[in-house]
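Undergrad: I would like the atomic coordinates for the input below:
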Amino acid sequence: MVALVLLPLPLLAAMAPAAFAGGGTRRWFGRGENQRADAQAAKDAAAAAFYELDTAQRDLRITIETITAVDDSPPARRAAEEYQGFGRRIDEVSHAYITAVDSHDLDRDDLDAGAAARARADLTRAKEELVRVKGELDRFEQGLGPLLQTAETQLARLAPAVERARQTLLAASNALDAARAQRLKADDLATRLAALAPELTKLNQGAGQHGVQDTIRRADDVRRKADAVRSEAERLPEKAAEIDKRLVSLRTRAQAITTRAGKVDPVLSELRRRYSAACWQDLQQVPEQAAQSVRQAEVKLREAQQARDEQRWADATSLLATVRALLNTTDEAVSAAGDRLQRLDSVSFDRQKEIERTRFAIRDAQRLAMAGRSTPDPRHAGPLDDAVARLDRAVAGLEGRHPDWWHFLTETEAVRQTAARVVQEIREARGGAGG
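TA: Model prediction:
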């Protein structure tokens with residue numbers, strides 16, 4: 001930025017009494033009195049215009065410095081360049097004004113009317129140039145309003161953003177200290193917080209060295225990262241307690257599944273005694289698989305306990321998730337044997353209930369397929385006709401001394417799924433057409 005050269009301050013001070021005191025307290029008499037007074041008035045007016053321009057230039061320099069400190073956009077750069085151009089014009093008219101003042105000594109006793117008239121003309125012309133440039137300067141400054149407003153908004157954000165970053169860093173440090181007081185190491189959090197130290201140094205160096213926008217961005221980034229550390233540090237005691245609770249819960253569950261798995265063999269014996277092999281042969285490996293899964297879960301539980309003791313929270317959480325998945329699978333397998341026996345007992349006692357349930361699902365789909373139509377859509381009629389035939393075959397398959405009740409149940413379930421799929425397709429098609 002080019003600083004604009006005006007009149008040196010000592011010279012301004014020396015000129016001020018002459019410019020505004022009207023040439024002292026002497027009284028003027030004679031033919032040139034009016035001309036001398038007019039010239040002095042022109043000198044006073046020019047001095048006032050000079051000071052007004054100087055003040056406007058100083059204010060504009062502050063405005064430009066504010067904008068360029070924040071904004072590096074093309075409009076901001078153009079504004080700075082135009083300001084430099086104004087500086088050159090202000091230097092020219094200021095020089096013309098100073099020359100006019102130096103060229104005419106209005107305090108001379110022998111000042112004649114002609115000299116006074118020339119002085120008044122030169123000083124008036126200098127004043128008019130000063131006023132003209134001042135007007136251009138004012139219009140230019142008015143056009144900077146949007147840029148200045150944006151810059152002031154950014155500057156208004158600067159100090160609060162930096163202070164928030166500092167306070168959040170302090171809060172994160174305090175949270176780490178509190179966690180350590182409870183014998184929680186939090187080494188990874190301490191490492192993440194230490195990594196923010198260079199950024200804090202740059203924040204302390206200020207926007208003058210790193211720029212306003214970069215400083216605001218850095219402050220926001222530091223605040224966000226420090227806040228994450230603070231939040232995690234504050235949650236550490238809760239996380240430790242939660243992992244301890246899950247360890248106890250999963251150990252209890254593993255023990256319960258082990259107990260239930262021991263009851264699978266009697267269930268399988270009952271299935272083998274009362275139903276054909278097709279009804280239970282897929283369950284033969286359940287006891288062995290359940291025992292193996294529980295053993296795997298217990299190994300993972302021990303590893304999770306060690307990870308928790310070493311405060312490897314992520315590892316402990318991952319291992320506990322593995323244990324839970326193993327126990328869920330085992331639980332489903334153990335439950336399957338008992339559920340199978342119950343369902344087979346129910347359908348072998350009253351097959352008609354399962355048949356009617358399935359026929360109702362087919363009829364419901366058929367009614368929906370025929371709603372508003374004289375003939376069903378082949379895309380729906382075909383799967384429903386196949387479902388009817390499939391149900392009939394499943395029912396016919398029950399004839400004989402040892403019917404495959406499990407096959408019957410899986411077939412009726414598949415038929416109901418077909419009917420439900422057709423219903424869904426019909427509703428989606430009609431919903432789309434209606435939309």
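Undergrad: count of neighbours near Leu53?
TA: 23 (other CB atoms under 10 Å). All C-beta spots, glycine's among them, are computed from the backbone N, C-alpha and C.
Undergrad: ok, and what's touching whichever strand or helix holds Ala190?
TA: Assigned by DSSP states H and E, Ala190 belongs to helix 187-194. Outside of helix 187-194, the residues within contact range by CB atoms under 8 Å, 6 or more residues apart in numbering are Leu169, Ala172, Ser173, Leu176, Ala179, Lys225, Ala226, Ala228, Val229, Glu232, Ala233, Leu236.
Undergrad: what number of residues lie near the fifth one?
TA: Residues contacting Ala179 under the criterion other CB under 10 Å number 21.
Undergrad: check contacts around it.
TA: So Ala179 contacts Ala186, Leu189, Ala233, Glu234, Leu236, Pro237 (CB under 8 Å, 6+ apart).
Undergrad: low-confidence ranges, this protein, go.
TA: The chain contains residues with pLDDT under 70 at 1-33, 66, 69-72, 107, 109-110, 148, 151-157, 207-210, 432-435.
Undergrad: middle-most residue in it, spatially?
TA: Nearest to the geometric centre of the chain sits Arg224, at 10.0 Å (CA atoms, centre = their mean).
Undergrad: who touches that one in this structure?
TA: Taking CB under 8 Å, 6+ apart, one finds nothing in contact with Arg224.
Undergrad: which element, helix or strand, includes it?
TA: Arg224 belongs to helix 212-261 when assigned by DSSP H and E.
Undergrad: check which helices and strands the helix or strand that that helix is followed by sits against.
TA: Next along the chain after helix 212-261, taking DSSP H and E as the criterion, comes helix 264-274. When contacts are defined as 3 or more CB pairs under 8 Å, 6 or more residues apart in numbering; DSSP states H and E, helix 264-274 packs onto helix 286-309, helix 313-349.
Undergrad: can you give me how far the last one is from the chain middle?
TA: Okay, so that is helix 313-349. 40 Å (CA atoms, centre = their mean, to the nearest Å).
Undergrad: and that helix with helix 187-194, angle?
TA: Here the directions of helix 313-349 and helix 187-194 differ by 130 degrees (axes from the mean of the first three to the mean of the last three CA atoms, to 10 degrees).
Undergrad: what packs against helix 313-349?
TA: Using 3+ CB pairs under 8 Å, 6+ apart as the contact criterion, the elements in contact with helix 313-349 are helix 212-261, helix 264-274, helix 286-309, helix 351-370, helix 405-434.
Undergrad: now render the ones you listed as TSV, adding distance to Glu129.
TA: What follows is the helices and strands packed on helix 313-349, written out as TSV (distance: least, CB to CB, whole Å):
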stretch	distance to Glu129
helix 212-261	37
helix 264-274	107
helix 286-309	83
helix 351-370	92
helix 405-434	78
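Undergrad: quote the end-to-end distance of stretch 369-387.
TA: Taking CA to CA, to the nearest Å, stretch 369-387 runs 14 Å from one end to the other.
Undergrad: so which bits of it are buried?
TA: Neighbour-count burial for stretch 369-387 flags Ala369, Pro376, His380, Pro383, Leu384, Ala387 (criterion: 16 or more other CB atoms under 10 Å).
Undergrad: can you check stretch 249-260 too?
TA: Residues of stretch 249-260 classed as buried: Leu250, Arg251, Arg253, Ala254, Ile257, Thr258, Arg260 (neighbour count, 16+ other CB under 10 Å).
Undergrad: one more: stretch 328-348?
TA: Under 16+ other CB under 10 Å, the buried positions of stretch 328-348 are Thr330, Asp331, Ala333, Val334, Ala337, Arg340, Leu341, Leu344, Val347.
Undergrad: wait, the third one touches Gln284, no?
TA: Translated: Ala333. No. With contact defined as CB atoms under 8 Å, Ala333 does not count as touching Gln284 (11.6 Å).
Undergrad: pretty sure Tyr97 is touching Glu128, no?
TA: No. Contact criterion CB under 8 Å: Tyr97 and Glu128 do not qualify, at 10.5 Å.
Undergrad: neighbour-wise, which of those two wins?
TA: Tyr97 (23 against 14).
Undergrad: phi and psi next, for that one.
TA: phi -70, psi -50 (degrees, to the nearest 10).
Undergrad: which ones are touching it?
TA: Per CB under 8 Å, 6+ apart, neighbours of Tyr97: Ala46, Ala49, Phe50, Ala126, Lys127, Glu129, Leu130.
Undergrad: I'd like those residues written out as a markdown table, with secondary structure, neighbour count and distance to His407 added.
TA: Formatted as a markdown table, those follow (DSSP: H, G, I helix; E, B strand; the rest coil; neighbours: other CB atoms under 10 Å; distance: CB to CB, whole Å):
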| residue | secondary structure | neighbour count | distance to His407 |
| --- | --- | --- | --- |
| Ala46 | helix | 25 | 113 |
| Ala49 | helix | 22 | 108 |
| Phe50 | helix | 25 | 109 |
| Ala126 | helix | 26 | 113 |
| Lys127 | helix | 22 | 112 |
| Glu129 | helix | 20 | 108 |
| Leu130 | helix | 25 | 107 |
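Undergrad: and the furthest pair within the residues you listed?
TA: Phe50 and Glu129 (10.3 Å; CB to CB).
Undergrad: how would you label Arg373: helix, strand or coil?
TA: coil (DSSP: H, G, I helix; E, B strand; the rest coil).
Undergrad: that one and Gln424, how far apart?
TA: 18 Å (CB to CB, to the nearest Å).
Undergrad: likewise Arg89?
TA: To Gln424, Arg89 is 80 Å away according to CB to CB.
Undergrad: give me the more crowded residue out of these two.
TA: Shown here are Arg89 and Gln424; by other CB under 10 Å, Arg89 has more neighbours (15 against 11).
Undergrad: wait, doesn't the more buried one sit right on Gly135?
TA: No. The criterion here is CB under 8 Å, and Arg89 misses it with Gly135 at 11.8 Å.
Undergrad: which SS class is Glu399?
TA: Classified using three-state DSSP, Glu399 is coil.
Undergrad: can you list phi and psi of it for me?
TA: When read as degrees, to the nearest 10, the backbone of Glu399 gives phi -70, psi 140.
Undergrad: return the distance of it relative to Thr168.
TA: Between Glu399 and Thr168 the computed distance is 78 Å (CB to CB).
Undergrad: neighbour count: the two, which is higher?
TA: Shown here are Glu399 and Thr168; by other CB under 10 Å, Thr168 has more neighbours (21 against 7).
Undergrad: picking that back up, the helix holding Arg224 vs helix 313-349, what angle?
TA: Using the same axes, to 10 degrees: helix 212-261 against helix 313-349 is 40 degrees.
Undergrad: what's the angle between helix 212-261 and helix 286-309?
TA: 140 degrees.
Undergrad: and the gap between Ala37 and Ala119?
TA: Per CB to CB, Ala37 is found 11 Å from Ala119.
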